[in-house]
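Q: coordinates only, sequence not included:
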């Protein structure tokens, strides 16, 4: 069975005295990737953190899955930083979630995830022995190890070089297929390659606006003329959002 969809409704979000998000109601389609873009401070990460439970939900807010089962226990989170523990091996870092929950980790599955992200043979390596791209692949393996239908990703590939980022986009699109993914990025090309739906947050407080995406399955080729045309239009839209 595919991943369910998500429904989010909030009456707005204020952090301190700053109104971050306006009242909004969003439906995230099951098994699809929704990408959030917008200027710095527009509320992208705040929206993601609301869904994750890392920010308190405002009074009257609703977060529910289309199958009516609880949402938060079925979430996986991938941050911008890899957050690997330096004293653990790659294998133990990938299996960390189960240990933190007091469960016996499935090390065979953890090894399968390591193979899936192209790190076979590095199971005993410490994070300091891995390149930046390898560490991000390890973080992706740890996210997949959780085997959750909902995956939240906050600029997960921004800390690596452009070629590695391109490869990680390919990898994540393949390995996260069928899950309901919310991805925050500042990169219009990344959004257009990976998104089934793009939302740009504009204004103060911010409201989400739908942006058309090119046809075709993800990950879309970066050299596709439709992607390049959409990238130019999206850059202009983001520039307008800053002014």
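A: Good, I have the coordinates. Model, not experiment: these values are computed from the prediction.
Q: what secondary structure does the spatially most central residue of the chain sit in?
A: With distances taken as Cα atoms, centre = their mean, the residue of the chain nearest its centroid is residue 153 (1.9 Å). Under DSSP: H, G, I helix; E, B strand; the rest coil, residue 153 falls in the strand class.
Q: Help me confirm that it comes into contact with residue 181.
A: Yes: using Cβ atoms under 8 Å, residue 153 is in contact with residue 181, at 6.6 Å. All C-beta atoms are positioned from the backbone trio N, CA, C, and that covers glycine.
Q: And the residue nearest to the centre of the chain, what's its pLDDT?
A: With respect to pLDDT, residue 153 scores 94.
Q: is it in a bridge, and if so with what?
A: Using DSSP bridges, the beta-bridge partners of residue 153 come out as residue 78, residue 183.
Q: ok, it - contacts?
A: 77, 78, 143, 172, 181, 182, 183, 184 (Cβ atoms under 8 Å, 6 or more residues apart in numbering).
Q: nearest to residue 6, of those residues?
A: For the contacts of residue 153, the residue nearest residue 6 by Cβ to Cβ is residue 182; the value is 8.0 Å.
Q: If you count neighbours, what's buried in the helix with the most length in the chain?
A: Across the chain, the longest stretch assigned as helix under DSSP state H is helix 225-242. Buried residues in helix 225-242, counted by 16 or more other Cβ atoms under 10 Å: 227, 230, 231, 234, 237, 238, 241.
Q: how much space between the nearest residue to residue 116 once chain neighbours are set aside and residue 35?
A: Closest residue to residue 116 apart from its sequence neighbours, by Cβ to Cβ, 6 or more residues apart in numbering: residue 175 at 6.1 Å. Distance, residue 175 to residue 35, using Cβ to Cβ, to the nearest Å: 17 Å.
Q: Tell me which of the two has more neighbours.
A: Neighbours per residue (other Cβ atoms under 10 Å) separate residue 175 from residue 35, with residue 35 holding more: 26 against 17.
Q: For that one, which three-state class applies?
A: Residue 35 - assigned by three-state DSSP - is strand.
Q: List the contacts of it.
A: 183, 184, 185, 190, 191, 194, 195, 197, 198, 199.
Q: ok, now residue 65?
A: Contact analysis of residue 65 by Cβ under 8 Å, 6+ apart lists 4, 5, 6, 7, 71, 74, 150.
Q: now those: which count as buried?
A: 4, 5, 6, 71, 74, 150.
Q: out of those, who's nearest residue 42?
A: residue 6 (20.2 Å).
Q: That closest one reaches residue 28, doesn't it?
A: Yes: contact criterion Cβ under 8 Å: residue 6 and residue 28 qualify, at 4.2 Å.
Q: joint contacts of those two?
A: 180, 182.
Q: rewinding a little: look up the pLDDT of the residue nearest to residue 116 for me, please.
A: So, for residue 175, pLDDT stands at 87.
Q: This structure: strands as residue ranges?
A: 6-10, 13-15, 18-21, 24-28, 33-37, 62-65, 75-78, 150-154, 180-184, 197-202, 207-211 (DSSP state E).
Q: and the third one, what does it pack onto?
A: To tie it back to what came earlier, the one meant is strand 18-21. Contacts defined by 3 or more Cβ pairs under 8 Å, 6 or more residues apart in numbering; DSSP states H and E place strand 18-21 against strand 13-15, helix 44-52.
Q: Would you mind pulling the contact partners of the first one?
A: Yep, that's strand 13-15 we're talking about. Residues from elsewhere that reach strand 13-15 (Cβ under 8 Å, 6+ apart): 19, 20, 21, 43, 46, 47, 50, 55, 58, 205.
Q: Apply 6 Å and report the result again.
A: With contacts defined as Cβ atoms under 6 Å, 6 or more residues apart in numbering, strand 13-15 is touched by 20, 21, 58.
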